[in-house]
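Enquirer: Sequence and computational prediction follow.
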Protein chains: 2
Amino acid sequence: MSGAGPFDGAPSHRVGELVLTVLDADGRPLADSVVTVEQCRHAFAFGNIGFDLVRLVGGPDPDGADGVEAFGGTRGLALDQVAGPYLNLFNTATLPFYWGRYEPRRGRPDTERLARTARWLAERGVTVKGHPLVWHTVEPPWLLDLPLDGVERVLRARIAALAGGFAGLVDVWDAINEAVIMPVFTNGKSAISRLAWTRGRIAMVRTAFAEARAANPAATLVLNDFDLTSAYECLIEGVLEAGVTVDAIGLQTHMHKGFRGEEYLQRTLDRFARFGLPLHLTESTLVSGHLMPREIEDLNDYRIGHWPSTPEGEARQADEIVRHYRCLVGHPAVQAITYWGLSDDGSWLGAPTGLLRADGTRKPAYAALEGLIKGEWWLPPTELRTDPGGRVAVRGFCGDYTVTAGGRTVSFALGRENADRAVRLPG
Amino acid sequence: MSGAGPFDGAPSHRVGELVLTVLDADGRPLADSVVTVEQCRHAFAFGNIGFDLVRLVGGPDPDGADGVEAFGGTRGLALDQVAGPYLNLFNTATLPFYWGRYEPRRGRPDTERLARTARWLAERGVTVKGHPLVWHTVEPPWLLDLPLDGVERVLRARIAALAGGFAGLVDVWDAINEAVIMPVFTNGKSAISRLAWTRGRIAMVRTAFAEARAANPAATLVLNDFDLTSAYECLIEGVLEAGVTVDAIGLQTHMHKGFRGEEYLQRTLDRFARFGLPLHLTESTLVSGHLMPREIEDLNDYRIGHWPSTPEGEARQADEIVRHYRCLVGHPAVQAITYWGLSDDGSWLGAPTGLLRADGTRKPAYAALEGLIKGEWWLPPTELRTDPGGRVAVRGFCGDYTVTAGGRTVSFALGRENADRAVRLPG
């Protein structure tokens, strides 16, 4: 019996071990044979936004969405320039359901286009996440005209329609985004912010979770915020005290002002891991050009015509993305990391935060991340010899695997805790 | 019938009106007579710390308190230099119950000295408030040695002993101080902080309020914090959702780095008034010297040998104290303002934040504040003539009043809503 998987330096909480008995089509142990074991998918959610795909797969923007902030989406790249690098690294995609873009004309939601995109991703093994059900930014203009009760009514209807309508296709949602600042947000007019001021933050969170849960009981519902100070801790504690079931705590880390470093990340993860819930790093960015000035408070306020990717910036980004991912994957509470954008073309704020340049060529950060996700943390096709009982020992990052012998393949899953198991090759 | 009280520019929510029928000792209306109406006390809590008095009235510090931070307390002034200016302006006193100073030797609390001081104040018409039942700073050193369950046990016992033991004498408490930073406090070792990290903020708040409420059901229990960001809002919302009855929200405004201005104050008061609870401005300071540099995060970290009061600083402080108090008294939700320190002698951080200089002489800020509390907002002895039915109209800041005629005096209270009332002069 030989073993696969040199993961000795990997975080032990990510690695599973299993003695697998390979049976032939007749159910007899495949003794003393060469088999090929390989990993097909990570259990860990390595995500990116799939905003590029909405136009490339789903079709053109609906009427009225023009000029509404989209937070990402290529204008110049073709599907084949995006799909390959995307599917090579990412098993999870965040799709945009910003209300102001999703339903710019009341009663005419962009359902079909998003469903088409979600299906395209699901067919390629990508878990689709929706973002966000409730937020105070990018509202449809017609919402501002409604009285508060009306705002709450259509908000509840929207949540139910999305969570329910997309159930089975989109089963992970940022149920509410940035609730900490929601009632006191002043950078723009917002009916949702007005509602939050009157009802309170916890009431808004409860509304989002209750409606989404009722519409899709199987959904993973995430509380998501950029505010990683004590304010968010206090909100989470209050939400949990109020009896709301939160499936994961979402932490944004847009690092346009610079990488925050391992010490900060570790401490921050520890602070939020205290609640005993999975942590999702929902929005991570690192720039490969100059940094945004420290004094900018709302990242949205920094708009410059041209923000170039530079060779030094790209080297720094590649170094930092490895440090960032190592730190996060190294923390047992983290279940997901979503990078915010594949290429610089159409990136949020025009920042060079992509893993591809605007022309689609790969930056060093892409290769560096690939070196982790598909390299150091990945079991490539590996030949092993079964023992006289047909057994091989498999060791690797938790996820989906296959074993192949004589041209026949069977799948198995590798988790943290595995009972020894037999798999039977097809006939 | 003539009327008293030129309070036309005053905040209407502070002013009461009443038609008072004055009866003689036999119960007959005192018709067409000159009576003197005067205010004796404000309903609004104009407070200051009474830390100076603990030594001057209560006696010397207990064993083991030497060198433990006291946050204020004169060393050089005599009781008669303190008592006059204090009692002239303040009707509410905050007394220190910092655990590390109150019980530096386990089982030997400083009860008698504090009780003596509280009684001295109460006998002079001053409402006594205790500060704080739970805090993570100024802990007794012996607390650090206990296991977490032990810390919680002695903490609960302390709360019950203080709130219960002082009931009737101290019926207002900062039940818990600075819970927002409590679990993540790193500027010093703290058993309470460790407990908060494990139990959570809301659990700490619940413990403080539950023990204090049980020990003194009549107490006014205040949640107090210096963090006036969204974090505190989130904490308050969570605490209320968790079913804790909070009697008042305490807001600290130590302004060593400069007066925060009316716009900030108004917005902040509005944000915290959303919860429908009274607001207590528990800790206000303004310096009459140079300002602390903006970059200092924890005020406690700024320690300089000599921090002088200057003529320009004193003029600025006098101007700002008027603006500060006008703004706070002008907000209907505010019920109390406590200034933090009477004189510069022994002031917290050695800052020139007193209303008296270190030698006991009055700064312009004292006179300015007196001009409000005992001037613009105060009804001095005022002669009025009753009508044939013995009636006079009284208008003034809510509080306690007397009416005097023929050398005989009777008291009455003036609230926001007053039914017309008769008072009978003693025989």
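Expert: Perfect, thanks for sending it. Numbers count the residues shown, from 1 in each chain, chains lettered A, B, ... in the order given.
Enquirer: For the rest of this, base every contact and every neighbour count on C-alpha atoms.
Expert: Noted.
Enquirer: what are the phi and psi angles of residue A:266?
Expert: Dihedral angles of residue A:266 (phi, psi; degrees, to the nearest 10) stand at phi -60, psi -50.
Enquirer: Contact partners for it?
Expert: Neighbouring residues of residue A:266 by CA atoms under 8 Å, 6 or more residues apart in numbering or on different chains: A:327, A:331.
Enquirer: how near is it to chain B?
Expert: Look at residue A:266 and chain B: by CA to the nearest CA, to the nearest Å, they are 14 Å apart.
Enquirer: Residue A:45 is in contact with residue A:335, correct?
Expert: Yes - assessed by CA atoms under 8 Å, residue A:335 is found in contact with residue A:45 at 6.3 Å.
Enquirer: How about the residues of the stretch 151-300 of chain A by chain B?
Expert: Contact residues, the stretch 151-300 of chain A versus chain B (CA under 8 Å from any CA of the partner chain): A:180-181, A:198, A:200-202, A:229-232, A:234-235, A:237-239, A:241-242, A:274.
Enquirer: Do a quick rundown of the helices in the stretch 251-400 of chain A.
Expert: Here the stretch 251-400 of chain A has its helices, by DSSP state H, counting those that start in this stretch, at A:261-273, A:311-329, A:364-371.
Enquirer: could the ones you listed be laid out in JSON lines, adding distance to residue B:252 and mean pLDDT?
Expert: Shown next, in JSON lines, are the helices of the stretch 251-400 of chain A (distance: least, CA to CA, whole Å; pLDDT from 0 to 100):
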{"stretch": "helix A:261-273", "distance to residue B:252": "25", "mean pLDDT": "98"}
{"stretch": "helix A:311-329", "distance to residue B:252": "37", "mean pLDDT": "98"}
{"stretch": "helix A:364-371", "distance to residue B:252": "47", "mean pLDDT": "98"}
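Enquirer: Nearest to residue B:88, out of those helices?
Expert: helix A:261-273 (48.1 Å; CA to CA).
Enquirer: between the closest one and helix A:311-329, how many degrees?
Expert: If you take axes from the mean of the first three to the mean of the last three CA atoms, to 10 degrees, helix A:261-273 sits at 30 degrees to helix A:311-329.
Enquirer: for helix A:261-273, which positions count as buried?
Expert: For helix A:261-273, a neighbour-count test (16 or more other CA atoms under 10 Å in any protein chain shown) marks A:265, A:269, A:271-273 as buried.
Enquirer: Repeat that for stretch A:211-218.
Expert: Neighbour counts over stretch A:211-218 (16+ other CA under 10 Å) mark A:211-213, A:215-216 as buried.
Enquirer: now what about it, what contacts it?
Expert: For stretch A:211-218, contacts defined as CA under 8 Å, 6+ apart pick out A:156, A:159-161, A:163-164, A:167, A:171, A:175, A:219, A:221.
Enquirer: and those residues, which of them are in helices?
Expert: Residues from the contacts of stretch A:211-218 lying in helices, with DSSP state H as the criterion: A:156, A:159-161, A:163-164.
Enquirer: Which single one of those is nearest to residue A:127?
Expert: For those, the nearest to residue A:127 is residue A:163 (15.0 Å; CA to CA).
Enquirer: so what pLDDT did the closest one get?
Expert: With respect to pLDDT, residue A:163 has a value of 98.
Enquirer: Let's see which of the residues of the stretch 151-300 of chain A next to chain B end up in helices.
Expert: The helices, defined by DSSP H, take in A:198, A:201-202, A:230-232, A:234-235, A:237-239, A:241 from these.
Enquirer: can you name the two of those that are farthest apart?
Expert: Longest distance between any two of those is 22.4 Å, between A:198 and A:230; criterion CA to CA.
Enquirer: C-terminal to the helix-or-strand element of chain A with minimal mean pLDDT, what's the next element?
Expert: Every helix and strand in chain A was compared by mean pLDDT, DSSP states H and E; the lowest is strand A:3-4, with a mean of 49. Using DSSP states H and E, the helix or strand that follows strand A:3-4 in sequence is strand A:15-23.
Enquirer: Let me know the average pLDDT across that next one.
Expert: Over the span of strand A:15-23, the pLDDT mean works out to 97.
Enquirer: now do stretch A:372-381
Expert: Stretch A:372-381 carries an average pLDDT of 97.
Enquirer: buried stuff in it?
Expert: A:373-374, A:376-381.
Enquirer: Run the chain-centre distance for that stretch.
Expert: Put simply, stretch A:372-381 sits 19 Å off its chain's centre (CA atoms, centre = their mean, to the nearest Å).
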